[in-house]
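Trainee: Any chance you could fold what I've pasted below:
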Amino acid sequence: MSKSKGMSAAMTAASPDRRLMTRREAAEYLGVSQATLSRWAAERTGPPFIKLHDGEAGSVRYPSDLMAAFVESRIKQPKS
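Mentor: Presented below is the predicted three-dimensional model:
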């Protein structure tokens with residue numbers, strides 16, 4: 001089994017609904033720009049992400065199940 005297949009199997013085992021989204025896909029999902037998502041990542045204020053390789057800008061991925069949880073955590077109830 002190759003390293004990438006092993007990593008994929010581990011991710012699937014952890015959460016069968018998990019897919020790793022690119023920054024572009026994550027930005028589209030949230031309705032924000034890629035620049036905003038990058039800024040949030042640098043500030044550690046946005047959704048959780050995975051950095052696959054140190055120092056490579058294109059190596060950031062966003063687990064889809066954690067993206068959904070991030071959105072859910074932002075739901076605000078109106079004041080009565």
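
Trainee: if I look at the residue most central in space within the chain, how far off is residue 79?
Mentor: When Cα atoms, centre = their mean is applied to the chain, the residue found nearest the centroid is residue 62 (1.8 Å). As defined by Cβ to Cβ, to the nearest Å, residue 62 lies at a distance of 31 Å from residue 79. To be clear about C-beta, it is placed using only N, CA and C from the backbone, and glycine gets the same treatment.

Trainee: Can you find the helix or strand of the chain with the lowest average pLDDT?
Mentor: When each helix and strand of the chain is scored by mean pLDDT, DSSP states H and E, helix 3-14 comes last, with a mean of 46.

Trainee: so where's the chain shaky on pLDDT?
Mentor: 1-16, 56-58 (pLDDT under 70).

Trainee: Would you tell me what the next helix or strand after the least confident helix or strand of the chain is?
Mentor: Later in the chain than helix 3-14, the nearest helix or strand by DSSP states H and E is strand 20-21.

Trainee: Quick one: list the elements packing against the following helix or strand past that following strand.
Mentor: Counting by DSSP H and E, the next helix or strand C-terminal to strand 20-21 is helix 23-30. Helix 23-30 sits against helix 34-43, strand 60-63, helix 64-73, with contacts defined as 3 or more Cβ pairs under 8 Å, 6 or more residues apart in numbering; DSSP states H and E.

Trainee: just checking, the residue nearest to the centre of the chain touches residue 51?
Mentor: No. Counting by Cβ atoms under 8 Å, residue 62 stays clear of residue 51, with 10.9 Å between them.

Trainee: Please report how far residue 63 lies from residue 78.
Mentor: 30 Å.

Trainee: higher neighbour count, these two?
Mentor: residue 63 (22 against 4; other Cβ atoms under 10 Å).

Trainee: residue contacts, the residue nearest to the centre of the chain?
Mentor: 20, 21, 22, 23, 25, 26, 47, 48, 49, 50 (Cβ atoms under 8 Å, 6 or more residues apart in numbering).

Trainee: go with 6 Å
Mentor: Residues in contact with residue 62 (Cβ atoms under 6 Å, 6 or more residues apart in numbering) are 21, 26, 47, 49.

Trainee: ok, now residue 60?
Mentor: So residue 60 contacts 23, 49, 51 (Cβ under 6 Å, 6+ apart).

Trainee: Fine by me, we can end here.
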